[in-house]
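Peer 1: one predicted model, sequence on top.
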Amino acid sequence: MLDMKFIREHPEEVKAAVKNKGEKADVALMLDLDEERRRLIQEADELKAERNTVSREIGQARKEGRDAAEAIARMKTVSDTISGLDARLKDVEQRIHDIMIRIPNMPHESVPVGGEAENRVVKTWGDIPEFDFTVEPHWDIGPRLNILDFDRGARLSGSNFVTFRGAGAALERALINLMLDLHCREHGFTEVSVPFIVRRDMMFGTGQLPKLEEDMYHIEADDLFLIPTAEVPVTNLHRDEMLDGDRLPLRYTAYTPCFRREAGSYGSDTRGLMRIHQFDKVEMVKIVRPEDSWDELETLLNSAEKVLQLLELPYRVLMLATGDLSFAAAKCYDIEVWAPGIERWLEVSSCSNFLDFQARRMNLRFKRERGAKPEYVHTLNGSGLALPRTVIAIIEHYQTDEGTIVVPEVLRKYMGVEAIKG
RNA sequence: GGAGAGGUGACCGAGUGGCUUAAGGUGCACGCCUGCUAAGCGUGUGUAGGGUAACACCUACCGAGGGUUCGAAUCCCUCCCUCUCCGCCA
């Protein structure tokens, strides 16, 4: 959520942000309603002040045995007037709220304006490998080595659910351990293990709701949602808190499965492991002082990149244009790993700075010192990394002409083998 | 799932319709006192909104939302959460 004061003072910039992000929200109408709101508050508050004063006098009069019937009758009509004003105020505030929650975060000034085509490659790492044999895509290698089972995944839960088996399952587990160890031991994160099912408010807090309701698995009986990313429970850990400034920054990492209905996605990316309804991910979340968030975004990106560097997989980093930015993000880097079997760059991480947008939605503030004014914190998160697409890259990058997969050096101590031979 | 007890400020905790403008305490800040320390004394110490050039001032907030009343932390209704016991269960 944006600050109403900011919107009042910068209406044209906010309207531009709504447009550039491809959202729909009537900012002008909201500002009109905001003026009406303030008029109603002023009117009602004056009457309430009168009512408070006179009611106190009525109590005093009663105590002294004087008659207060006239004042009581007068205050009854005042109360009725107040009720009417309050009802109008409530309606106006609801309408303001409905627009406000659909206004996206402002893109940072460094973010290119435009759609996907304007995404900017800001870095590449490693060389795209040349093979002297015909490379296979992972959806052929995996089933042949009996480490990926697409058919039985679908049998259990439908299309785009997958089963990992044997060394495939071990590879997933090894990657999770590698990433958690790296982020905890080298990057200063604290590991947390959180619920995978959360309340509606949590989805609102990080900005998935109201926009993405159709993309999530919803448990109707309890009005709970399966998390689409660990961002949701981890960022919300401290919601409604007033943190001491000296506790910041907070840096958390968590492994969780992620559940996505992918309601709006069509055929092209759905083969193999590219877009599945349930996948594993290690996520990093930071809760920081406002002045630190841009530096923290860069180190967050570095922490995610480090995983691919250790795995020795070539990748590139994109700065997303406004049209590709998520609703809550001010700026976002995507990391894409090269998958030689399918000859594609695959997104394995998004590292975003949300500024105070999520903090405002989840009421998460801090005080620099005792007695200081409360301020909203800044929040960030980044995948570190999403597992299935990392597995695709490993399978395809480390395939051999004998049809086996070499286990990346850094994973060998976790897997106990040097190659996957089926 | 059943029964019971609870939810009040940074924290503890009192408060069954109007001297509550949330007592008292702890913590914290400032001041006084003191050779120093400790103790003691005094003053102050929440959030949000409105308002102001800035103050002042006003309104709301005692888990959430409704209701009764001239007036609600207090009475009524609905819901949420926490704890204890029982049942079931990995």
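Peer 2: Ah, there it is. Numbering: from 1, shown residues only, chains lettered A, B, ... in the order given.

Peer 1: can you give the strand pairings for the lowest-mean-pLDDT helix or strand in chain A, parallel or anti for each?
Peer 2: Sorting the helices and strands of chain A by mean pLDDT, DSSP states H and E puts strand A:242-244 at the bottom, at a mean of 79. Counting by DSSP bridges, the strands paired with strand A:242-244 are strand A:365-367 (parallel).

Peer 1: I'd like the next helix or strand past the partner strand.
Peer 2: With elements assigned by DSSP states H and E, the helix or strand that comes after strand A:365-367 is strand A:375-376.

Peer 1: what's in contact with the least confident helix or strand of chain A?
Peer 2: For strand A:242-244, the external contacting residues (CB atoms under 8 Å, 6 or more residues apart in numbering) are A:Leu250, A:Ile287, A:Leu364, A:Arg365, A:Phe366, A:Lys367, A:Pro374, A:Val377. (Glycine included, C-beta is placed from N, CA and C.)

Peer 1: now, the most widely separated pair of those residues?
Peer 2: Taking CB to CB, the two most distant members of the contacts of strand A:242-244 are A:Leu250 and A:Pro374; they sit 16.6 Å apart.

Peer 1: neighbour count winner among the two?
Peer 2: A:Leu250 (18 against 10; other CB atoms under 10 Å).

Peer 1: what about the helices in the stretch 101-250 of chain A?
Peer 2: All helices of the stretch 101-250 of chain A, identified by DSSP state H, counting those that start in this stretch, fall at A:138-145, A:150-157, A:167-185, A:200-206, A:231-235.

Peer 1: so, low pLDDT: which residues of chain A?
Peer 2: Across chain A, the ranges flagged by pLDDT under 70 are A:264-268, A:370-371.

Peer 1: OK, contacts around A:Arg39?
Peer 2: Neighbours of A:Arg39 in contact, by CB under 8 Å, 6+ apart: none.

Peer 1: from RNA strand B, how far off is it?
Peer 2: Going from A:Arg39 to RNA strand B by CB to the nearest atom of the strand, to the nearest Å gives 8 Å.

Peer 1: buried residues in the host helix or strand of that residue, which are they?
Peer 2: Assigning secondary structure by DSSP H and E places A:Arg39 in helix A:27-63. Of the residues in helix A:27-63, A:27, A:30-31, A:33-34, A:37, A:40, A:44, A:47, A:51, A:54-55, A:58, A:61 count as buried by neighbour count, 16 or more other CB atoms under 10 Å.

Peer 1: before we move on, the earlier item: want to throw the helices of the stretch 101-250 of chain A into TSV with distance to RNA strand B?
Peer 2: Putting these into TSV (distance: least, CB to the nearest atom of the strand, whole Å) gives the following:
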stretch	distance to RNA strand B
helix A:138-145	30
helix A:150-157	20
helix A:167-185	20
helix A:200-206	10
helix A:231-235	14
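
Peer 1: reformat those helices as CSV; add mean neighbour count and distance to A:His277.
Peer 2: Listed next are the helices of the stretch 101-250 of chain A as CSV, based on neighbours: other CB atoms under 10 Å; distance: least, CB to CB, whole Å:
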stretch, mean neighbour count, distance to A:His277
helix A:138-145, 20, 16
helix A:150-157, 14, 7
helix A:167-185, 19, 16
helix A:200-206, 20, 17
helix A:231-235, 27, 17
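
Peer 1: for A:Asp280, find the nearest of the ones you listed.
Peer 2: Short answer: helix A:167-185, nearest of these by CB to CB, at 6.0 Å.

Peer 1: between helix A:138-145 and that closest one, find me the angle.
Peer 2: 120 degrees (axes from the mean of the first three to the mean of the last three CA atoms, to 10 degrees).

Peer 1: just how off-centre is helix A:167-185 within its chain?
Peer 2: Relative to its chain's centre, helix A:167-185 lies at 22 Å (CA atoms, centre = their mean, to the nearest Å).

Peer 1: and chain A, which residues reach RNA strand B?
Peer 2: Applying CB under 7 Å from any atom of the strand, we find that chain A lies next to RNA strand B at A:4, A:38, A:41-42, A:44-46, A:48-49, A:51-56, A:58-59, A:62-63, A:72, A:75-76, A:78-79, A:90, A:242, A:365, A:370-371, A:373-374.

Peer 1: check the stretch 101-250 of chain A for the residue nearest RNA strand B and tell me.
Peer 2: Of all residues in the stretch 101-250 of chain A, the one sitting closest to RNA strand B is A:Met242 (5.9 Å; CB to the nearest atom of the strand).
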